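# Below are the sequence and a predicted model; questions follow.
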Amino acid sequence: MTTTIDLGALADMATGTARQVIVGDRKIALVRIGADVYAIGDTCSHADVSLAEGEVIAEDCEIECWKHGSAFSLRTGVPSTLPATQPVPVYDVSVIDGRIVLVLDGEIPRKETS
């Protein structure tokens, strides 16, 4: 089952910026570079901190973790610098009629409520 989720208007997100979105149990870093939008797992694979709080490196299509400086490819999730050695997940995202749309395969994990 494929699920599409509207994450808002492209115009509401400045180029060269990142923000965290939460979809079910998934924390996702949404990054805009020009007319392109990328979505990767928002948790650094090295230090368990938010990548959306890091610096967007537009010329390399990467985001740098603010804690220890590991940079991750926005296209593949693979780190290009140490200390991270494990990739983060990447998600299918596109812009349709000026809206940022995330596409997920499978069901959206739900948070447990107490």
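Sure thing, it's come through. Residues are numbered from 1 along each chain as shown.

# And the pLDDT at T113?
pLDDT recorded at T113 is 42.

# Same question for D92.
Looking at D92, its pLDDT is 96.

# Now do the same contact list for the residue nearest to it when sequence neighbours are not counted.
The shortest distance from D92 to any non-neighbouring residue, by C-beta to C-beta, 6 or more residues apart in numbering, is to V103 (4.2 Å). Yep, even glycine has a C-beta here, placed from its N, CA and C like the rest. V103 makes contacts with 2-5, 91-94, as judged by C-beta atoms under 8 Å, 6 or more residues apart in numbering.

# Could I have the buried ones of these as ChimeraX selection syntax?
Selection of buried members from the contacts of V103 for ChimeraX, criterion 16 or more other C-beta atoms under 10 Å:
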select :5,91,93
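
# now, among the contacts of V103, which is nearest to Y38?
V93 (6.6 Å; C-beta to C-beta).

# Tell me what I63 is bridged to.
As for beta bridges, I63 partners with V56, F72 under DSSP bridges.

# I'd like to know how far it sits from Y38.
If you measure I63 against Y38 using C-beta to C-beta, to the nearest Å, the figure is 8 Å.

# between these two, which one's more packed in?
Applying other C-beta atoms under 10 Å to I63 and Y38 shows that I63 carries more neighbours, namely 28 against 22.

# how close does the nearest residue to T2 once chain neighbours are set aside get to G69?
The spatially closest residue to T2, leaving aside those adjacent along the chain, is D105, at 5.7 Å (C-beta to C-beta, 6+ apart). Look at D105 and G69: by C-beta to C-beta, they are 32 Å apart.

# Can you tell me the SS state at the residue nearest to D92?
Of the three states, V103 takes strand under DSSP: H, G, I helix; E, B strand; the rest coil.

# Can you give me the first-to-last residue distance of stretch 11-22?
Using C-alpha to C-alpha, to the nearest Å, the end-to-end distance of stretch 11-22 comes out at 20 Å.

# still on that earlier bit, count of residues packed around the residue nearest to T2?
9.
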